[in-house]
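Visitor: Here is a sequence with its predicted model. Questions after.
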Amino acid sequence: MNISVPDDLAVAVRQMKLPVSKICQDALRQAVSQSAQASQTVLVETIENQARWREMVAAEYPEDARNERAVGALSELAGYIRSLSADDPWLLRMHAIVDGEIANIGGGDRWREAMDKYGFHWQPAPADGWHMLVTALEEDRETALKDDGDS
């Protein structure tokens, strides 16, 4: 990786004998962490919104215990994702899939299907469910890229 800086800045850095590599690494780590944390927050809010929707459905259909079960599973998943460190490989993978634009999350059929069924039709352990959701995002991304290529 190379970085470019204006000539006057390069001169000032050399004169001050600043540790450029360490400064750049620290700044890049901080940028990655902040970006991942922002994605993580939006993702958790998306899952919590799904749980709130399931709560409304559960109130409408109290005889169907699957809705309450889904609320619990989605809440547990949101808590699991909230607990991930910013350098979690699956969180970074998710961030890369949506090209850093977390607003792109959830637009595909596989993601929507996985969210609709989460805890309702199947109730995986939170880590497994998280991996399934990231995989659903990947599949949606591949489908979108293929569809764009066919146009």
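Guide: That came through fine. Numbers count the residues shown, from 1 in each chain.

Visitor: Break down this structure into its helices, ranges please.
Guide: 7-16, 20-60, 65-83, 89-97, 109-117, 126-150 (DSSP state H).

Visitor: Nearest to residue 1 among those would be which one?
Guide: Closest to residue 1 of these is helix 20-60 (CB to CB; 8.5 Å). Using the backbone N, CA and C atoms, a C-beta is placed for each residue, glycine as well.

Visitor: Does that closest one pack against any helices or strands, and if so which?
Guide: Counting contacts by 3 or more CB pairs under 8 Å, 6 or more residues apart in numbering; DSSP states H and E, helix 20-60 is packed against helix 65-83, helix 89-97.

Visitor: quick revisit: deepest-packed of the helices of the chain, please.
Guide: helix 65-83 (a mean of 18; mean count of other CB atoms under 10 Å).

Visitor: could you turn that helix into CSV, dropping everything but the C-alphas?
Guide: Taking Å, rounded to 0.1, in the frame of the first residue of the first chain, the C-alpha atoms of helix 65-83 are listed here in CSV:
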residue,chain,number,x,y,z
ALA,A,65,-45.8,-19.4,19.8
ARG,A,66,-43.4,-19.3,16.9
ASN,A,67,-43.6,-15.5,16.9
GLU,A,68,-42.5,-15.1,20.5
ARG,A,69,-39.8,-17.7,19.9
ALA,A,70,-38.6,-15.6,16.9
VAL,A,71,-38.6,-12.4,19.1
GLY,A,72,-36.3,-14.1,21.6
ALA,A,73,-34.0,-15.5,18.9
LEU,A,74,-33.7,-12.2,17.1
SER,A,75,-33.0,-10.4,20.4
GLU,A,76,-30.3,-13.0,21.2
LEU,A,77,-28.8,-12.5,17.7
ALA,A,78,-28.8,-8.7,18.1
GLY,A,79,-27.0,-9.1,21.4
TYR,A,80,-24.5,-11.5,19.9
ILE,A,81,-23.7,-9.2,17.0
ARG,A,82,-23.4,-6.2,19.4
SER,A,83,-20.8,-8.1,21.4
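
Visitor: what's it packed up against?
Guide: helix 20-60, helix 126-150.

Visitor: Those into TSV, with extra columns for distance to residue 90 and mean pLDDT?
Guide: As requested, those are exported to TSV (distance: least, CB to CB, whole Å; pLDDT from 0 to 100):
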stretch	distance to residue 90	mean pLDDT
helix 20-60	11	89
helix 126-150	5	86
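
Visitor: looking at the ones you listed, which is closest to residue 109?
Guide: helix 126-150 (6.7 Å).
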